[in-house]
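A.B. asks: everything below, folded, please.
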Amino acid sequence: MAKLRHIAISAKDLETTAQFYEKAFGMERVRQSKVAIMLSDGVVSLAILHLRSNDNAPDERGPDYIGLHHIGFLVDDVPGVSADVEEAGGTYHGQIQNVGNGPEFERKYRDPNGVVLDVTSKEHATSSWRVPVE
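C.D. replies: Below you'll find the model as predicted:
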């Protein structure tokens, strides 16, 4: 069974937004880059993203988009669940930028409403989201 373990939001100010979630909910900072601060409650990863059109991972929704960016599901079998997603009506949307693990570790899809979602292996969840896996 897939487990929701990752939520990413696009924000105007990385640091201010991350500090809000740290102070309000006790989230812990587990990783940081130029375009993202990764927080965790020990179960779920919350990525605060600041993606602009001139960055390595531009958002097709435009440089000023703020809000839900994508959600991520931890699965045991990325290729198998990917086939299920496509059979259910999801459309392939590519892979995360600058992560060299390959399609057996992480794939992006859009649901029937256009919401972006990750189908992710335990290896990717451990290295990128920094959440424990069972």
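
A.B. asks: pretty sure residue 75 contacts residue 2?
C.D. replies: Yes - with contacts counted by C-beta atoms under 8 Å, residue 75 reaches residue 2, the gap being 4.8 Å. To be clear about C-beta, it is placed using only N, CA and C from the backbone, and glycine gets the same treatment.

A.B. asks: residue 71 and residue 114, how far apart?
C.D. replies: Distance from residue 71 to residue 114, counting by C-beta to C-beta, to the nearest Å: 13 Å.

A.B. asks: the longest helix in the protein is where?
C.D. replies: helix 14-25 (DSSP state H).

A.B. asks: rewinding a little: who has more neighbours, residue 71 and residue 114?
C.D. replies: residue 71 (15 against 9; other C-beta atoms under 10 Å).

A.B. asks: ok, and that one, which helix or strand is that part of?
C.D. replies: In this assignment (DSSP states H and E), residue 71 forms part of strand 67-74.

A.B. asks: same deal with residue 84?
C.D. replies: Judged by DSSP H and E, residue 84 forms part of helix 78-87.
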